[in-house]
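[1] just to be clear, the model below is a prediction. Sequence and coordinates:
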Amino acid sequence: MADADNARGIEELKSFVEHWLRTHPGVEPVPPKKATSRQVHLTVWRTRSKGRPIGLESGHAGILNLWLTSMSVPADLPEGVEITKKVWKSDGWVDAVPDPARKGRNGANSNLKPFEVFNRRPITRLGLRRIEDAKMILEQVVT
């Protein structure tokens with residue numbers, strides 16, 4: 001029962017964030033480089049005022065990821081948001097502080113690479129589970 005409630009909560013979170021990004025006047029979609037991209041698990045947006053990229057990654061069990069350039073991450077994040085910092089190394093991202101327990105899973109969503117708004121920049125993954133946290137972060141990034 002708890003797993004079903006968690007999955008439903010993540011689906012509600014995903015729906016909220018997608019709707020917020022589609023309807024907020026301060027945000028615009030970034031088209032994928034390849035016309036054949038279906039953008040099933042990753043969509044990228046940018047703020048109109050400052051061009052800050054926002055990557056929305058879904059499809060993970062129990063969590064929704066927002067990808068931001070590290071400079072765009074709000075200073076005060078809600079408790080419970082998972083923070084993973086990535087740095088560019090040669091041809092992709094790796095954990096800024098490697099964790100041996102991750103056993104090689106230290107990169108970033110490779111689908112971010114074609115988006116110039118992210119490429120070669122330090123980025124941060126924010127793992128979200130609550131609508132309130134997503135709303136607070138998105139509003140801070142856009143202002």
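    The structure has been received and is ready for your questions.
[2] and the strands in this protein?
    Ranges of strands within the chain are 27-29, 42-47, 53-60, 63-69, 82-89, 92-95, 123-128, based on DSSP state E.
[3] Asp5 is nearest to which of those strands?
    strand 63-69 (14.5 Å; C-beta to C-beta). For the C-beta atoms, the positions are set from N, CA and C on the backbone; glycine is no exception.
[4] can you list the strands that that closest one pairs with?
    Applying DSSP bridges to the sheet, strand 63-69 is found paired with strand 53-60 (antiparallel), strand 123-128 (antiparallel).
[5] now do the shortest one against strand 82-89, angle only.
    Orientation note: strand 123-128 sits at an angle of 160 degrees relative to strand 82-89 (axes from the mean of the first three to the mean of the last three C-alpha atoms, to 10 degrees).
[6] check the first one too.
    Angular relation of strand 53-60 and strand 82-89 on a 0 to 180 degree scale: 120 degrees, by the same axes, to 10 degrees.
[7] avg pLDDT for strand 53-60?
    Taken as a whole, strand 53-60 carries a mean pLDDT of 91.
[8] using PDB, write out every CA atom in that strand.
    Presented in PDB, the C-alpha positions along strand 53-60 are these (Å, rounded to 0.1, in the frame of the first residue of the first chain):
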ATOM      1  CA  PRO A  53      18.000  26.000 -17.600                       C
ATOM      2  CA  ILE A  54      15.700  23.600 -15.800                       C
ATOM      3  CA  GLY A  55      15.800  19.900 -16.700                       C
ATOM      4  CA  LEU A  56      12.800  17.800 -15.600                       C
ATOM      5  CA  GLU A  57      13.700  14.100 -15.300                       C
ATOM      6  CA  SER A  58      10.900  11.700 -14.500                       C
ATOM      7  CA  GLY A  59      10.600   7.900 -14.800                       C
ATOM      8  CA  HIS A  60      12.400   7.000 -11.500                       C
END
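[9] great, nothing more from me.
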